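Asker: Just to be clear, the model below is a prediction. Sequence and coordinates:
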Amino acid sequence: MDVVYSEAHLKHAPRRFISRGEWADNPEVPLRAINLVAAARAAGHRIIAPDDFGAGARRAVHSAAHLAFLESAHRRWSELDGVCGAGADVLPNTHPVRPGARYPEGVVGQAGWHVADTACPIGAGSWEAACASANVAVHAAQLVLDGAPIAYGLCRPPGHHAYGDLSGGFCLLNNIAIAAEHMRTQLARVAILDIDVHHGNGTQGIFYDRADVLFVSVHADPSDFYPFFAGYEDERGEGAGEDANLNLPVDLGEGDHAYGAAIERGVAAIRAFRPEALLVSLGFDAYVGDPLSPLTVTSGGFEAAGKAIAALATPTVLIQEGGYDCKNLGQNLTAFLTGFLG
């Protein structure tokens with residue numbers, strides 16, 4: 001299997017975020033990707049660098065204003081002066097009350113418009129890392145379009161919480177949405193299965209009114225867990241996309257059995273949709289040892305998930321999302337791939 005990976009991810013190194021009113025160390029660290037690629041290499045998979053697919057791939061998903069903000073934000077932030085000055089990274093401290101809100105001219109106001117929370121500080125290298133992560137996803141998708149049965153885009157930063165004009169939840173650009181749109185230039189129907197512990201609210205938002213992209217998300221119940229405001233079972237899509245959105249929340253505290261049963265339900269829906277290709281938002285933060293997980297999924301649970309998804313026998317693009325127990329990320333990736341490839 002080819003693993004697409006870029007060391008440009010190292011240039012995004014957020015230090016802190018606010019969790020329940022307290023500053024905490026940001027868990028979305030470069031070591032996550034370093035450990036994952038080490039496990040893939042140890043398992044004998046080929047590691048390749050991504051091609052540059054240019055701005056067009058990003059523009060197919062994200063608004064021009066959002067892309068312009070992300071590209072220029074840190075430079076403009078660094079030029080701030082006055083009484084308050086500015087911190088090292090771009091962090092929002094105010095947000096619009098939409099609808100009726102006006103788009104501001106300054107970078108402080110735009111940060112609140114384009115960044116939902118404090119989890120994805122924008123540093124000097126964040127834009128370059130985000131573009132590289134999107135290229136990783138598109139390159140993996142292109143490998144599958146070219147005939148590979150599976151490819152793995154080892155993306156960092158992750159992407160599934162990013163909307164068309166809004167970053168958040170450690171995510172700047174929506175890598176899997178960008179990859180899906182790239183595949184749609186050649187395929188009529190694709191499906192996305194998100195098995196990260198957090199609902200893929202950004203991906204859902206991007207494709208919510210689309211019939212050509214089925215979105216299925218297995219995640220922890222959002223009624224008391226991030227992202228809180230989306231991920232409920234009655235969100236089925238709208239307009240042309242009605243019934244092309246399926247959320248399968250898992251009760252907090254549950255483990256392999258409930259997680260696996262939800263994945264089986266998602267697989268059944270995908271089989272009925274009959275996509276020409278499948279993209280998987282591959283998160284390992286449902287793991288019992290993950291610092292952000294309210295679930296208790298084991299490495300064996302990820303192996304079972306890989307086996308269940310492989311049963312679709314559909315060309316598959318794996319796109320890395322979350323997973324913050326750095327010590328055990330490698331074993332969880334190995335377990336999933338053992339199930340999928342075994």
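Answerer: That came through, no problem. Everything quoted here is computed from the prediction, not taken from an experiment. Numbering: from 1, shown residues only.

Asker: Average pLDDT for the lengthiest helix in the chain, rounded please.
Answerer: In the chain, ranked by residue count with DSSP state H as the criterion, the top helix is helix 126-145. pLDDT averaged over helix 126-145 equals 98, rounded to a whole number.

Asker: And that helix, what does it pack against?
Answerer: Helix 126-145 sits against strand 2-4, helix 54-59, helix 64-78, strand 150-153, helix 175-184, strand 277-282, strand 316-320, with contacts defined as 3 or more CB pairs under 8 Å, 6 or more residues apart in numbering; DSSP states H and E. (Each C-beta comes from the backbone N, C-alpha and C, glycine too.)

Asker: Out of these, which one sits most buried?
Answerer: Mean neighbour count (mean count of other CB atoms under 10 Å) peaks for strand 316-320 among the helices and strands packed on helix 126-145, with a mean of 30.

Asker: and the angle for it with helix 175-184?
Answerer: Using axes from the mean of the first three to the mean of the last three CA atoms, to 10 degrees, one finds that strand 316-320 and helix 175-184 are set 160 degrees apart in direction.

Asker: could I get strand 316-320 in PDB with only the CA atoms?
Answerer: Taking C-alpha atoms only, strand 316-320 is exported to PDB below (Å, rounded to 0.1, in the frame of the first residue of the first chain):
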ATOM      1  CA  THR A 316     -10.800   3.100  -0.800                       C
ATOM      2  CA  VAL A 317      -8.900   6.200   0.200                       C
ATOM      3  CA  LEU A 318      -7.900   6.400   3.900                       C
ATOM      4  CA  ILE A 319      -7.500  10.000   5.100                       C
ATOM      5  CA  GLN A 320      -6.000  10.500   8.600                       C
END
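
Asker: Show residues contacting that strand.
Answerer: 33, 36, 137, 140-141, 143-144, 149-156, 158-159, 175-176, 179, 183, 277-283, 309-310, 340 (CB atoms under 8 Å, 6 or more residues apart in numbering).

Asker: what about 7 Å?
Answerer: Identification of contacts with strand 316-320 by CB atoms under 7 Å, 6 or more residues apart in numbering yields 36, 137, 140-141, 144, 150-156, 158, 175-176, 179, 277-282.

Asker: residue ranges of the helices in the stretch 151-300 of the chain, please?
Answerer: Assignment of helices within the stretch 151-300 of the chain using DSSP state H, counting those that start in this stretch yields the ranges 175-184, 201-207, 256-273, 299-310.

Asker: Any chance of the ones you listed in JSON lines with mean pLDDT and distance to residue 114 as columns?
Answerer: Below are the helices of the stretch 151-300 of the chain laid out as JSON lines (pLDDT from 0 to 100; distance: least, CB to CB, whole Å):
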{"stretch": "helix 175-184", "mean pLDDT": "99", "distance to residue 114": "16"}
{"stretch": "helix 201-207", "mean pLDDT": "98", "distance to residue 114": "12"}
{"stretch": "helix 256-273", "mean pLDDT": "98", "distance to residue 114": "31"}
{"stretch": "helix 299-310", "mean pLDDT": "98", "distance to residue 114": "33"}
